[in-house]
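> What follows is a predicted structure for the sequence shown.
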Amino acid sequence: MQPLKETPWDERVYGIKTYEIERLTEEALDLSNTFTGHFTIKVNPLVSKKALHQYDFYYCDTLIEPFCSPANFKPVYNKQTSLTPQMAAQDVTCFCKNTFQYDRFHRDFNLEHTKGDSRYAYWLEDIIQQGGEILGLNFQGELVGFFAYKDNHILLHAIGDRHRGRGLAKYLWSDACNYILNKGWNEIKSSISAANLAVLNLYRSLGFSFRHPVDIYHKYNVKEC
């Protein structure tokens with residue numbers, strides 16, 4: 001296994017070399033000083049972070065994995081909500097703007113926050129190309145958000161500014177999760193920031209449990225002109 005893995009999907013957004021460190025080793029940390037670019041490492045919350053701090057890594061986020069089986073799923077339906085399957089990425093990218101404020105790239109003080117929105121717009125295109133699907137989320141016949149997934153993994157979701165805080169998410173998420181479970185999966189899962197309490201509580205209200213917490217650290221080793 002190579003100590004560093006290039007992440008071209010992030011490089012295309014930020015215009016610098018980007019890497020993910022797959023294992024916390026001295027060799028990998030040394031390379032983060034040798035190579036120029038932006039580095040990500042995901043570590044168990046109980047692992048000592050002393051070496052990471054010594055190599056100028058900084059904390060950005062903690063991710064947790066919501067998961068749910070059909071038996072535990074507790075949907076809440078509303079006749080005014082509906083889904084549009086097989087949406088095109090370009091038809092929902094507008095919902096990416098100013099939405100993912102809890103994302104580690106938006107919280108990284110070394111990166112431009114506006115480029116974080118572009119990262120998610122690109123990701124939607126990637127999901128389609130890799131065999132996933134984007135569901136349009138509708139309220140009273142109006143497109144108000146999207147729900148992107150591949151297989152049983154919920155990858156990305158958003159509701160537009162105008163419709164947030166209206167209590168719609170539980171109905172829209174119920175429709176989307178039910179759509180995926182009806183494909184025969186024994187479990188559906190996602191990945192969210194532990195700091196995003198609104199989404200965490202939404203998943204919990206629908207019967208999801210949580211597992212696999214992981215701390216994410218970044219390093220920015222770029223010489224500014």
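Okay, I see it.
> Wasn't residue 19 part of a strand?
Yes - judged by DSSP: H, G, I helix; E, B strand; the rest coil, residue 19 forms part of a strand.
> which residues does the closest residue to it other than its chain neighbours bridge with?
Distances taken as CB to CB, 6 or more residues apart in numbering put residue 4 closest to residue 19, at 4.6 Å, once the chain neighbours are dropped. The C-beta positions use only the backbone N, C-alpha and C, and glycine is treated the same way. Residues in a beta bridge with residue 4, per DSSP bridges, are residue 21.
> right, and residue 4 touches residue 28 too?
Yes - under the criterion of CB atoms under 8 Å, residue 4 makes contact with residue 28 at 6.4 Å.
> what's the pLDDT at the residue nearest to residue 19?
Residue 4 carries a pLDDT score of 89 in this model.
> chain center to the top strand by length along the chain: distance?
Determined from DSSP state E, the single longest strand within the chain is strand 209-221. Offset of strand 209-221 from its chain centre (CA atoms, centre = their mean, to the nearest Å): 12 Å.
> picking that back up, the residue nearest to residue 19 and residue 18, how far apart?
Distance of residue 4 to residue 18, computed by CB to CB, to the nearest Å: 10 Å.
> what does residue 63 give?
In terms of CB to CB, residue 63 sits 18 Å off from residue 18.
> Quickly list what's touching both of residue 4 and residue 28.
Common neighbours of residue 4 and residue 28 (criterion: CB atoms under 8 Å, 6 or more residues apart in numbering): 21-22.
> remind me, longest helix of this structure?
helix 113-129 (DSSP state H).
> Show me the chain divided up by domain.
4-62+214-221, 66-212 (automatic domain parsing).
> Might you list the low-confidence residue ranges for the chain?
Counting by pLDDT under 70, the chain shows low-confidence ranges at 1, 99, 224-225.
> what residues does the longest strand of the chain touch?
For strand 209-221, with CB under 8 Å, 6+ apart as the criterion, the contacting residues are 32-33, 35-45, 47, 49, 52, 55-68, 72, 104, 108, 110-111, 194, 200, 203-204.
> Good, we can wrap up now.
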